[in-house]
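[1] Okay, predicted coordinates and the sequence, questions at the end:
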Amino acid sequence: MPSIALRKKLFLKLYGRKVSDEKLAELLPLIKCGFDGMTEDEIKVEVTGDRPDLLSSEGVARALKGFTGVEQGLAKMAITPSGMEFNVDKSVASVRPVLVAAQVQGVNFEEDDIVELMQLQEKLHVTMGRKRRKMAVGVHDASQLKPPFYYKAVSPKEISFVPLGKETRMDLKEILARHEKGIDYAFTLAHASAYPVIVDSQDQVLSFPPIINGVLTQVTDRTTDLLLEITGTDFETCNTALNILCQNFADRGARIKLVAIRGSNGTKTTPETKPTIMHVSTTEASKALGVKFSPNEAAECLLRQRIGAIPEGDYVACEIPRYRTDFLHPVDLVEEIALGYGYNKFQPKPPSIYTKGETSSLTRKINYAAELLIGAGYVEASTYIFTNVVKAAKARDATDLVRIKNPVNSEYDCLRKTLLPNLLEMLSKNTHYAYPQKIFEVGETVSKDDKADVKTVTEIRVCALSAHANASLSESASLACEVLDKLGLHCELSALASEKYLKGRVAKLIHNGKIIGDVGEIHPAVLAEFGILVPVAAFEARITKVTY
Amino acid sequence: MELTVIESRVLRALKSRKGFVLAPELADSAKVDYGALMSVCAGLEQRDLVKAKRSELLLLEPTAEGRTYAKTGSPEKRLADAVAEAKAVSLEDAFEKAGLSPAERPIALKWAKQRKWIEFATGNVSANKHADGGVDEALKLLAKGKTDFSKEVADELVSRRLAVAKSEKSVELMITEAGSQAVSIEGQSENEVTRLTSEMLKTGSWKKAAFKEYDVSTVLAPVSIGLRQHYKRLLHQVKEELVGLGFKEVHGPLVETEFWNMDALFMAQDHPAREIHDAFQLEEPCKGTVNDKALLARVKKAHEEGIAGSIGWRYEWNSDTAHRLVCRSQNTGVSARNLAKGLETPARLFSIGKVFRPDVIDWKHFIEFTQCEGIVADENMNFRELLGYLKSFAIEIFGADDARFYPTYFPFTEPSVEMYAKIGERGWVEVGGAGVFRPEMLEALGVNIPVIAWGLGIDRLAMIRLGLDDMRDLNSSDLEFLKKRAAVL
């Protein structure tokens, strides 16, 4: 969930009512803004992933005004034509096909307003924008520009301009190779042979989307007229982001103007602000929530969520503002009703059905195996499923490991196939304590299995180690057979050659003609690799597997 | 006091030495096995016959770079010496004169300046004081095999990657006054009988025997009993509590296809939680199969154009992506598999198991954790009853006094809720999330009644219930720590 800092002064001015710090801390989590603390200047909130419209003071103030009844229903946004035009060349079709834009006039930036605008822009890039791949926002000071504008793809060295943060002209290829933002976001254009640019009628470069703007249109606190352009791969996403920005500016009293976007498939005017219409059944909503709502009451809750709502028989006809992204199904309106009603007002209802509970036979088997070994004086260990190839190799157990493609470090680069390596490592960490040391684990391991749908099988294995001066094959083999016998896995012993164990002091455990494990005295070479200075006898066996 | 043969040998060997003796050395001189020595040492210690000193030594080994500098001198020393010889020169000339490679130059400059060996005036560099007290002496000793250094020197060597530190744990033993005495009086009171034998019982000779009396303050010796691991015991208690609430346990595989881990849960393929850094993918095998082709087609349709009255996510769904294998990142896939199998309803299921997510690794984050989650499938299920379940978990499982609910977002539930519980002195703690499965997900899985899903933060609960501050202690590998843990009942 994205975390943001709202500037308290701006937020309270937008909210327009007096509200105590305590009350804010109580209210914000009820409108999907987890409260993360407050300083004199800032309110820290964590916004849920479905609400990019709440990533700014304007958005949160708008939502809170609805929730507390200060202002309800659809937020107002007056919008007029600008006469401004964008020409989208067909060369961008295979690179970054979508562009939407709006003009904003009469902006009045105060103090750190620009800092918050940049925060919003950045958070939109990370969330809806999928790191600028799907959508990226450009905000420009429009005063130096000569419309109409052109959006086109050009060869990497064809155009050069002075990007933000630099003082000299760079071509597009240089920007990707040397500019900080170019390096960070070059991956968005990894497969492109031509790069997108936005220029005005005088060929002045506004932007190299989604990488960096030119210094020409840099926004300062004296800027009053803005051009907003949003480029990306999906029209709905770009238009939603544009609506978020425009509604924010409208909330602060700026004038929003439409821009005509001319493409090969005709002309569109953006931002598209016509609300989405969706209906929700009050009967269905009441049943799902467990609270009886009349159509009027449901509409009231929706209005508090800044949604247009008109009761029509059992249904409520809803107008959903285009800055919201999260409406796929009427169930999404049911949640809005719950939100408008207030999560804190629902009375939890005790469970009304009876079913018989039980632990699985798998769990019962695991517990029984543990109980048997505890009875034999062994201490249970719990080690991680993640392990590493080097450790497994030290225990001569590294064949056919299931490896991780993207490990966070080499300590955890594969899944354990056996338990022995982790338990030997555990003994190696306890060499300064008294002996005998007897430890065991019963747990899940992962082996390759071509027949399974997930190409692996999750097995349950048991492994027990005994470390002391007289640890022997006889000790571990006797224990293994006794424990496995009780688990319904009667075993015969038969000689085995294994690097893991001392030659001639090792056996396989055979149940019904199948090898299910091995037992023996750990080879001194293995002990030496783990830095263990005491003889160790061990057994490990597969007792069952996870079925599903 | 009675001594075993090994104890007696150990004490005698110790008595002939002065001060602390390292355990492996002592094992040699006492002619006992190291393992045997370690098994008697705790008993001797408890009876105050020996004193033990346990320590962890940081041993240094030089890196290739460290070895080179041991021969050539450190770059800063070479620079300072060159400057001292030439009086005032330009920095460039000093570098040349000292024979420093381009890579060594910044190192030389940084450290020579920091040690105030050189100073700058009017574009030239000149010697300030004699270049000694640096790492050069230590590097020479290190190359000769010295392993222990003062912390200050060791830190600098390690942070500059001139040496790597290996930790070695050791035990040293020393005989006490009482230990010396025990050895010297051993075997003196021959007339007293120490052990009752079956011979004595057969012949009745026990009637005349004088049994040696023990000092009860010295009879306790360490015992090692078998023990359940503290976290596993707690997880089992939680399972029993859930069974008590009417839930039935189910399991799933640790490796999952993205299909069950995400697609079947109606998580769009470009959802941020599906980025490469949010799930561990497998190297080999890397692709699984989904056997139910009709289900595969329904899920594709749910994503692309929507089902059950939804408009869907409207993108081109990629079957290859859905077949990728990952370490499961949530247990909701286990619930989805069970729903797809067809349930006899009403049904209440739970699963407790490991899930894997890339993260930083420290005292409160790890990449592998335990998740406890479950579902209730019931015709009459509603949001208020979901809150009822959550509240009973808070009270029954977390031992909370009260619970609060806030809205949240999960891709596969609507409405969604997150629960905070008030737990004793800890105050309000986030304990879990829940919601009603989305219709797009349920219809694709062939379920036509409401299903709620919940997940509880079980690692956090365990830390509270077990009184731990460090998450790593849940799976501690320290045997003495584990042996000292008593169950919280």
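    Arrived safely.
[2] And the strands in the stretch 101-250 of chain A?
    A:135-141, A:149-154, A:160-161, A:170-171, A:195-199, A:205-208, A:212-213, A:226-232 (DSSP state E, counting those that start in this stretch).
[3] can I get these in CSV with distance to residue B:414 and mean neighbour count?
    Where C-beta positions appear, they are placed from N, C-alpha and C, glycine not excepted. Compiled in CSV, the strands of the stretch 101-250 of chain A are given as follows (distance: least, CB to CB, whole Å; neighbours: other CB atoms under 10 Å in any protein chain shown):
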stretch, distance to residue B:414, mean neighbour count
strand A:135-141, 24, 24
strand A:149-154, 37, 21
strand A:160-161, 46, 19
strand A:170-171, 47, 18
strand A:195-199, 36, 24
strand A:205-208, 37, 25
strand A:212-213, 38, 24
strand A:226-232, 26, 25
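[4] Tabulate those (CSV), appending distance to residue B:261.
    Formatted as CSV, these follow (distance: least, CB to CB, whole Å):
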stretch, distance to residue B:261
strand A:135-141, 26
strand A:149-154, 37
strand A:160-161, 45
strand A:170-171, 43
strand A:195-199, 35
strand A:205-208, 37
strand A:212-213, 37
strand A:226-232, 27
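[5] Give me the distance between residue B:219 and residue A:32.
    65 Å (CB to CB, to the nearest Å).
[6] now swap in residue A:462 and tell me
    From residue A:462 to residue A:32 the distance is 47 Å (CB to CB).
[7] So for those two, which residue has more residues nearby?
    Counted by other CB atoms under 10 Å in any protein chain shown, residue A:462 and residue A:32 do not tie: residue A:462 has more neighbours, with 27 against 24.
[8] Show me what the host helix or strand of the more buried one is packed up against.
    In the assignment (DSSP states H and E), residue A:462 maps to strand A:456-467. Under the contact definition 3 or more CB pairs under 8 Å, 6 or more residues apart in numbering or on different chains; DSSP states H and E, strand A:456-467 sits against helix A:361-375, helix A:420-428, strand A:437-448, helix A:473-486, strand A:536-545.
[9] would you turn the ones you listed into JSON lines with mean pLDDT, mean neighbour count and distance to residue B:192?
    JSON lines is the format used below for those (pLDDT from 0 to 100; neighbours: other CB atoms under 10 Å in any protein chain shown; distance: least, CB to CB, whole Å):
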{"stretch": "helix A:361-375", "mean pLDDT": "97", "mean neighbour count": "18", "distance to residue B:192": "37"}
{"stretch": "helix A:420-428", "mean pLDDT": "97", "mean neighbour count": "23", "distance to residue B:192": "41"}
{"stretch": "strand A:437-448", "mean pLDDT": "98", "mean neighbour count": "23", "distance to residue B:192": "35"}
{"stretch": "helix A:473-486", "mean pLDDT": "97", "mean neighbour count": "19", "distance to residue B:192": "36"}
{"stretch": "strand A:536-545", "mean pLDDT": "97", "mean neighbour count": "24", "distance to residue B:192": "39"}
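[10] between the ones you listed, which one is nearest to residue A:259?
    Among the helices and strands packed on strand A:456-467, the nearest to residue A:259 by CB to CB is strand A:437-448 (55.3 Å).
[11] For chain B, tell me whether the closest one is touching it.
    Yes: using CB under 8 Å from any CB of the partner chain, strand A:437-448 reaches chain B at A:437-439, A:444, A:446, A:448.
[12] ok, what's across the strand from the residue lying closest to residue A:365 once chain neighbours are set aside?
    Spatially, and ignoring its direct neighbours in sequence, residue A:365 is nearest to residue A:544 (5.9 Å; CB to CB, 6 or more residues apart in numbering or on different chains). Beta-bridge partners for residue A:544, by DSSP bridges, are residue A:460.
[13] what's near enough to touch residue 77?
    You didn't say which chain, so I picked chain A. A:246-247, A:250, A:256, A:273 (CB atoms under 8 Å, 6 or more residues apart in numbering or on different chains).
[14] Wait, chain B was what I had in mind.
    B:131, B:134, B:136.
[15] now do 10 Å
    By CB atoms under 10 Å, 6 or more residues apart in numbering or on different chains, the residues touching residue B:77 are B:69, B:98, B:108, B:111-112, B:115, B:117, B:131-132, B:134-137, B:139.
[16] Filter those down to the buried ones.
    B:69, B:98, B:108, B:111-112, B:115, B:117, B:131, B:134-136, B:139 (16 or more other CB atoms under 10 Å in any protein chain shown).
[17] I'd like to know how far residue B:194 sits from residue B:49.
    For residue B:194, the distance to residue B:49 - CB to CB - is 17 Å.
[18] between the two, who's got more neighbours?
    Taking neighbours as other CB under 10 Å, residue B:194 and residue B:49 compare with residue B:49 leading, 27 against 9.
[19] Check the secondary structure at the nearest residue in space to the more buried one that is not next to it in sequence for me.
    Excluding its sequence neighbours, the residue lying closest to residue B:49 (CB to CB, 6+ apart) is residue B:179, at 3.7 Å. What DSSP: H, G, I helix; E, B strand; the rest coil gives for residue B:179 is helix.
[20] what's the distance between residue B:179 and residue B:10?
    Residue B:179 is 9 Å from residue B:10, by CB to CB.
[21] And for residue B:391?
    Counting by CB to CB, the gap from residue B:391 to residue B:10 is 60 Å.
[22] neighbour-wise, which of these two wins?
    residue B:10 (29 against 20).
[23] quick one, what contacts the more buried one?
    Per CB under 10 Å, 6+ apart, neighbours of residue B:10: B:3-4, B:26-27, B:29-32, B:36-37, B:40-41, B:44, B:49-50, B:173, B:175, B:179, B:183.
[24] Thank you, goodbye.
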